[in-house]
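Undergrad: Sharing a sequence plus its predicted fold:
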Number of protein chains: 2
Amino acid sequence: MLSLLSLRARIEAGSLTPSQAVALTREAMAEHEPAVRALVATDPDPVVPETGPLAGIAVGIKDIIDTAHLPTQMGSTIHAGWQPRADAAIVARLKRLGAVPLAKTTTTAFAFIDPTETRNPRAPGRTPGGSSSGSAAAVAAGMLPLALGTQTGGSVIRPAAYCGVVGVKPSFRLLPTVGVKCFSWTLDTLGLFAASAADAARALALIAGRPEIERPASVPRIGLLLPEYCDPAEPEAFGALDRARAAAEAAGANIRAFTLPELFKEAFDQHATIQDFESAQALAWEYAAHRDDLPPLLRAHLDAAQAIDAASYDAARRVAHHARRSLRDILRSADIDVVLTLSAPGFAPDGYASTGDSRFNRLWTMMGVPCVTVPVPGDGPPLGVQIIAGFGHDERALSAAAFLEQALAARR
Amino acid sequence: MLSLLSLRARIEAGSLTPSQAVALTREAMAEHEPAVRALVATDPDPVVPETGPLAGIAVGIKDIIDTAHLPTQMGSTIHAGWQPRADAAIVARLKRLGAVPLAKTTTTAFAFIDPTETRNPRAPGRTPGGSSSGSAAAVAAGMLPLALGTQTGGSVIRPAAYCGVVGVKPSFRLLPTVGVKCFSWTLDTLGLFAASAADAARALALIAGRPEIERPASVPRIGLLLPEYCDPAEPEAFGALDRARAAAEAAGANIRAFTLPELFKEAFDQHATIQDFESAQALAWEYAAHRDDLPPLLRAHLDAAQAIDAASYDAARRVAHHARRSLRDILRSADIDVVLTLSAPGFAPDGYASTGDSRFNRLWTMMGVPCVTVPVPGDGPPLGVQIIAGFGHDERALSAAAFLEQALAARR
């Protein structure tokens, strides 16, 4: 993979210019794109700033994020060829840091679950996951050192785990969603894909303008969570979690069991109510004017979503609100820094009919807490484990993820 | 003014068709627009649904709200001629209800404070207020029975008060802001302008899909608030508040004094921090690519806003959060239904250099609570008073507003 920190180190050492770094990236894209199909549009003649803390870093932008210089097509024929006027806030921010928003990456239509044509570069014949399919696959294939995704259910953590890269879903609204196509305003969260936890921490700290997010790996106090609020995982996922636990323990981490009260089962169940009610409004124009052009899974979803009433939505929001407050108190009193749990139910599913299952992600999206998935080395297709911290403590999740990466590397 | 309920009553009685109602509105627009200058674009050949609970109701859409059939220019040369692909969620909703989004109304650039060319139809020589200048003026002039605005500081309540119409800023996120140009995601709130509180209640209940919002006027328990958290009002504003108090009392309302603790002074002061930090991000593309094309007040605002750091923003958000929780508890224990207070510091300012002052609105926008301004009859230019209820109790604010309207009419 292309490492953001490695590229930046070479640039800072003077052995690589930003333009050369972007040229390297373009070569990698040209080499892998025919097989991976992660990109929808590429800037043929990008402006490459020679200065800035992200100069030389080419970024993949999920194609529901507005770009003033490239079409933004939402993975849907309804917006085919659509050219926004302005950059999304996060794209403007990347440019200001010297980065190059070089390519738009594939997305399932409107970031729902109808699959794209993208292939999983690490698991032939298996889905790369979704909805941020192209961003995960492009980083996994070594085509780009950094890519943007969004998560409403599990659209960052799941594809990152399936493709064997680091994915970060930061605290809710840490990154601005202005100019990002909305599916659910209570849930939509911008996230990042990168080659390592340290790469992701550097990028997040710079983009958010919060240097304290990037800090050295440190030995965390870990709460190990085996989710009881939904169907269990496949054996391979539990195997990865156990390898991660053992590696962390061997590296000196204090690990204890962590459980959640019944309220979180209720919160988990209410994710769909919030998402459905809001998506029916967010996509009201597409549904009213172009229902027949929606892909089948999204169309069926929106058909059903019309029936959610305001009272059910209000009740679901109250449950979510209570669960967020309760989680804050639980994490404070549990005397742990992070929770370690599953990223996905197992390997990426075989074939391309599904983008996989977000059941280990939806609750955390709703809680608004920072989540990082770290690849766990193994013999089969990629697997990841998820590290979760309290709201606003993105630095804890990322430094624990860096610790776990190092612990896992030491056991290889 | 054109009354939504009167038009709907005639349509339901069969004495007017929806097409005739829209034609009436078009005639009124043609008559008044040359003097008022409230519109930026009008649909020359609108589709008029013959059915639906808002059939026959033409609506003015503030020009930061996306429309698929009319340009959306944000009050700025930067977006001159810009044609969005999709309708904003609220525009799609209006169409579904049978309403006709007939015209785009003037807005200050990106809904900040650089004045538009719009005139105040009720107060010659005075500003109509802003940023929803065209929506307030169009309803005041009898050009439209309903118009959409947005409020980040005081952009619905203030122009409504200055123009002598009813303005409603509902509970935060009651109306979806998908497809509305963002200035501050924590504060931006969609609102309505109408000829009466009952008109506004019908519209809000239908648009929000919450029939319980529309209920008969009832005698409220009122807390009378003279804000001590900011500079005081002009004598004419206190005069209007006193006339409203006397009318409500004469009509049987129980009125007691209501005060806010020191925390709310702090919250009031922090509104700017939140707005500035978020607007620097929300308008990052415009600032980076078109700074010289920004109008002077917004340009100076964004120049200064670049300096707000994340720590100040986080501190401001914490203050706002505590104040919202505190307000909920205070309103519950105060044994009142609504707060009655000032809508604006006085008459609309003379001339067109300023859109007036939002100091009696900003705190409430930040609190996310429903606010309604009701015109108070008098001899000079229009004045309004503001009715505020607890979060989610839009029906209380609107039914108290209807009560006050009737009480004031009885005293004429």
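TA: Looks like it came in fine.

Undergrad: gap between the nearest residue to A:Arg411 once chain neighbours are set aside and chain B?
TA: Among residues not flanking A:Arg411 along the chain, A:Ala247 sits closest, at 4.8 Å (C-beta to C-beta, 6 or more residues apart in numbering or on different chains). Heads up, the C-betas are built off the backbone N, CA and C, glycines and all. Using C-beta to the nearest C-beta, to the nearest Å, we find A:Ala247 at a distance of 33 Å from chain B.

Undergrad: How about A:Ala140?
TA: 29 Å.

Undergrad: Same question for A:Asp45.
TA: 17 Å.

Undergrad: That residue sits in which helix or strand?
TA: If you go by DSSP states H and E, A:Asp45 is not part of any helix or strand.

Undergrad: And the pLDDT for it?
TA: pLDDT, A:Asp45: 95.

Undergrad: Next, give phi and psi for the residue nearest to A:Arg411.
TA: Dihedral pair for A:Ala247: phi -70, psi -40, per degrees, to the nearest 10.

Undergrad: Surely it and A:Ala410 touch.
TA: Yes. Taking contacts as C-beta atoms under 8 Å, A:Ala247 lies within contact range of A:Ala410: 7.2 Å.

Undergrad: between the two, which one's more packed in?
TA: More crowded of A:Ala247 and A:Ala410, by other C-beta atoms under 10 Å in any protein chain shown: A:Ala247, with 23 against 10.

Undergrad: Enumerate the residues of the stretch 251-400 of chain A near chain B.
TA: Proximity of the stretch 251-400 of chain A to chain B, by C-beta under 8 Å from any C-beta of the partner chain, involves residues A:278, A:281-282, A:284-289, A:309-310, A:314, A:392.

Undergrad: So which of those residues are in strands?
TA: Judged by DSSP state E, strands contain none of those.

Undergrad: and these as TSV, adding neighbour count and pLDDT?
TA: Shown next, in TSV, are these (neighbours: other C-beta atoms under 10 Å in any protein chain shown; pLDDT from 0 to 100):
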residue	neighbour count	pLDDT
A:Glu278	25	98
A:Gln281	20	98
A:Ala282	23	98
A:Ala284	25	98
A:Trp285	24	98
A:Glu286	25	98
A:Tyr287	21	98
A:Ala288	13	98
A:Ala289	14	98
A:Asp309	12	96
A:Ala310	15	97
A:Asp314	14	98
A:Gly392	17	97
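
Undergrad: neighbours around the nearest residue to A:Pro381 once chain neighbours are set aside, how many?
TA: Distances taken as C-beta to C-beta, 6+ apart place A:Ala123 nearest to A:Pro381, at 3.7 Å, with adjacent residues excluded. By other C-beta under 10 Å, 21 other residues sit near A:Ala123.

Undergrad: A:Ala123 in helix, strand or coil?
TA: Three-state assignment for A:Ala123 (DSSP: H, G, I helix; E, B strand; the rest coil): coil.

Undergrad: which phi and psi does it have?
TA: Dihedral angles for A:Ala123 - degrees, to the nearest 10 - are phi -140, psi 80.

Undergrad: mind listing what A:Ala9 touches?
TA: Contacts for A:Ala9 (C-beta atoms under 8 Å, 6 or more residues apart in numbering or on different chains) come out as none.

Undergrad: So is stretch A:77-97 next to chain B?
TA: Yes. On the criterion C-beta under 8 Å from any C-beta, stretch A:77-97 is in touch with chain B at A:His79, A:Trp82, A:Arg85, A:Ala86, A:Asp87, A:Ala88, A:Ala89, A:Val91, A:Ala92, A:Arg93, A:Lys95, A:Arg96.

Undergrad: buried ones in that stretch?
TA: Neighbour counts over stretch A:77-97 (16 or more other C-beta atoms under 10 Å in any protein chain shown) mark A:78-79, A:82, A:84-97 as buried.

Undergrad: and the gap between the residue most central in space within chain A and B:Ala300?
TA: Central residue check for chain A by C-alpha atoms, centre = their mean: the C-alpha nearest the mean position is that of A:Val156, 2.1 Å away. Going from A:Val156 to B:Ala300 by C-beta to C-beta, to the nearest Å gives 38 Å.

Undergrad: Now find how far off-centre the helix ranked longest in chain A is within its chain.
TA: Assignment by DSSP state H gives helix A:310-333 as the longest helix of chain A. On the basis of C-alpha atoms, centre = their mean, to the nearest Å, helix A:310-333 sits 23 Å off its chain's mean C-alpha point.

Undergrad: Give me the angle between the helix or strand following that helix and helix A:310-333.
TA: Next helix or strand after helix A:310-333 toward the C-terminus (DSSP H and E): strand A:338-342. Put simply, strand A:338-342 runs at 120 degrees to helix A:310-333, going by axes from the mean of the first three to the mean of the last three C-alpha atoms, to 10 degrees.

Undergrad: Pull out the buried residues from the next helix or strand after strand A:338-342.
TA: As assigned by DSSP H and E, the chain's next helix or strand after strand A:338-342 is helix A:362-367. For helix A:362-367, a neighbour-count test (16+ other C-beta under 10 Å) marks A:Arg362, A:Leu363, A:Trp364, A:Thr365, A:Met366, A:Met367 as buried.

Undergrad: ok, residues contacting helix A:362-367?
TA: By C-beta under 8 Å, 6+ apart, helix A:362-367 touches A:151-154, A:157, A:169, A:186-187, A:189, A:227, A:229, A:264, A:267-268, A:270-271, A:274, A:320, A:323-324, A:327, A:371, A:386, A:388, A:391.
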